[in-house]
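Enquirer: Whatever this is, show me its structure:
(2 chains)
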Amino acid sequence: MPKCIFNNVSVKGISSVIPEKELSLYDDKNLYNGDEKKIKRVVNSSGFLNRRVVDDNTTTADLCEQAANKLLNDLKIEKSTIDGLLFISYTPDYLMPATSYVLHKKIGLSENCICADIPQACSGFLFGLYQASMMINSGCKRVLVLVGDTFSKFSDMFIDHTAPVFGDAGTATLIEYDENAEPIYFNINSSGKNYDALICKNGGFRNVPTKDNFYENENYKYESKMDGGRIFDFTMNNITPNIKELLEYSNKNIEDFDYYVFHQANKFILQNIALQLDINQDKMPMETLTKYGNQCGASIPCTISDKLQEQVSKDNNLILMAGFGVGLSWISTILNLNKIYCSKLETYREDYNE
Amino acid sequence: MNKEDLLQDIIDTIQPENEITFDTELETIDEWDSLSKISISALLNSKYKIKIAFSELSNFKKVEDICQFIEDNHEK
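Expert: Next comes the predicted model:
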C-alpha cells in the first residue's frame, strides 16, 4: 500500500515565513574555535552557510500563524470554509493540547473543522499533503496544512555535532477539493528500526525532564543526537529506489518534470540523488540550504517560495518532490502546481499576528 | 586510472592543511572526521559509481587503501 494516488486534490496556495535573525557558520565561535579555514571546509563540502533562527519567545506556531494569516488574507478565503487544520512539526507549543487547537483559535477558524498534529520533520510537508489528500477524499473541502520547525532550540546535530545547520521556518499550504485537479502520487516508507538515528530522548514520558538531563548552565537544553553516518548511508540507499518505484507507478519518466524539489538536507545528499537519477541539476534548487539552513519539513515549501515563486504562480508545473529524515521516514510525491498563489519568503514580524 | 589523479581527488575532498601522500595514515590527518568520511563516500558514489557505507570507511588505514579500493571496484 505505500504507493497511492489521489484525485480531486489541488494545492491552491503556499506561504512561507522565516525569522529575521541570521547566523553564519563563520560567526560561530564554538565551531573549530572560529578557525575560518576549517569552517570554509564545512561550507564547501556540506553547502551550509547561513541559517535563520527564532528568539527564545517565538515558536514554530508563531511562524506558521503568520504564514496562515498571509495565505488566507491574500487568497481572500473565508475562514469558516476551512474544515481541516494540520500542524506538522516536532516543536509544538505544549505537550498537551495539540498545537493545531492553539492555532485553530489564533487563526480564528470555525468549530466545523478537524484539527490534528502530526509529528514529522523532514518528510513533514509531504506527509501533510498525504494526510490532507485523505481528508479531502473523505469529505473536507479546504484543509490548511501548517508545516514548520524551530530545530535551533535543539542542541547541534549535524554529523557528530560538527556544525549547527538547522534553520527555523513556518509555512502554510492550502489544499482544496477540485474536480479538475490532476492526480497526486505518493510513495511512503518507514524504518522504525532506525528510530534512534535522529533522536531527542529527554522531555517526553520515557525520560522525564530532570535537572541532570535537561539543564546545562541554568539553561534548558533539548539534547538531540544525530547519527550522521547512518543517516547518510540510509539516504544514499533508499531515496532513489523509492523515487524509481513512484515513477513506475505513475507511468512517468525522470525527465518529464519541470522541477525537482527535494528536502534541503545537505549538498552531498542532493547532488548524489541528482546523479543517481540523472536529474538535470538546473531544475533542482539546492541554494536554499546555503541561504537558510536545513529547514526540516518546511524546506520544500520554503524552496518553492524562494526559487520557484514566479514559475508556480504563472504556469502549470509538474514537480517531483522527496522528503526524508526523522523516523526514519521517506516519501516521494508527484504533483502539479498550477498557477497557485505563492508568497515570497516573508520575514516573521511579531506584530503581524496581532 | 591514474593513481596520482585519485590522490588529488582525495586531497580536494578532504582539504587537508598538511601535505598528504599515499603513505599517510588516515588517523593522523586532522581533517579525517565524519565530514570527510561522508565527502569521500559521496565522491566514490558520484564520480566512481562505487557504493560504500560510511561505517566501512573506518576500515581504511592509509590514503593508499582508499585509492586501491577505488581501483579494485571501479567499473566492475
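Enquirer: what's the single longest helix in chain B?
Expert: helix B:34-47 (DSSP state H).
Enquirer: Tell me who's in contact with the residue lying closest to A:M321 once chain neighbours are set aside.
Expert: Closest residue in space to A:M321, ignoring its immediate chain neighbours: A:T333 at 4.5 Å, by CB to CB, 6 or more residues apart in numbering or on different chains. In this view, the C-beta of every residue, glycine as well, is placed from N, C-alpha and C. Counting by CB atoms under 8 Å, 6 or more residues apart in numbering or on different chains, A:T333 touches A:126, A:129-130, A:184-187, A:246, A:320-322.
Enquirer: where's A:T333 relative to chain B, distance?
Expert: Applying CB to the nearest CB, to the nearest Å, one obtains 24 Å for the distance of A:T333 from chain B.
Enquirer: Check A:E111 too.
Expert: Distance, A:E111 to chain B, by CB to the nearest CB: 50 Å.
Enquirer: repeat for A:S89
Expert: From A:S89 across to chain B, the span is 27 Å (CB to the nearest CB).
Enquirer: Phi and psi next, for that residue.
Expert: A:S89 adopts backbone torsions of phi -170, psi 160, taken as degrees, to the nearest 10.
Enquirer: neighbours of it, just the number please.
Expert: 31 (other CB atoms under 10 Å in any protein chain shown).
Enquirer: can I assume it is in contact with A:T99?
Expert: Yes: the pair A:S89 and A:T99 passes the contact test of CB atoms under 8 Å, sitting 7.0 Å apart.
Enquirer: Not counting sequence-adjacent ones, nearest residue to B:K37?
Expert: In space, B:K37 is closest to B:L57, 4.5 Å off (CB to CB, 6+ apart).
Enquirer: Quick one: residues in contact with the helix or strand harbouring A:T290.
Expert: Element membership of A:T290, judged by DSSP states H and E, is helix A:288-292. Here helix A:288-292 makes contact (CB under 8 Å, 6+ apart) with A:18, A:47-52, A:167, A:169, A:264-267, A:270, A:295, A:299, A:302-303, A:306-307, A:345.
Enquirer: which residues in the stretch 251-354 of chain A form helices?
Expert: Counting by DSSP state H, counting those that start in this stretch, the stretch 251-354 of chain A has helices at residues A:267-277, A:288-292, A:299-307, A:309-314.
Enquirer: Comparing those, which comes out most buried?
Expert: With neighbours defined as mean count of other CB atoms under 10 Å in any protein chain shown, the helices of the stretch 251-354 of chain A peak in mean count at helix A:299-307, which reaches a mean of 27.
Enquirer: which residues are in contact with that helix?
Expert: The contact list for helix A:299-307, computed with CB under 8 Å, 6+ apart, reads A:14-16, A:18, A:122, A:125-126, A:147, A:169, A:171, A:173, A:261-264, A:285, A:287-289, A:291-292, A:295, A:312, A:321, A:323, A:337, A:342-345.
Enquirer: With stretch B:34-48 instead?
Expert: Against stretch B:34-48 from outside (CB under 8 Å, 6+ apart): A:41-42, A:45-46, A:159-160, A:162, A:228-229, A:232-233, A:236, A:268, A:271-272, A:275-276, B:9-10, B:13-14, B:29, B:50-54, B:57-58, B:66, B:70, B:73-74.
Enquirer: Can I get the buried part of the residues you listed as one PyMOL selection?
Expert: A single PyMOL command selects the buried members of these (16 or more other CB atoms under 10 Å in any protein chain shown):
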select buried, (chain A and resi 41+42+45+46+159+162+228+229+232+233+236+268+271+272+275+276) or (chain B and resi 9+10+13+14+29+50+52+54+57+66+70)
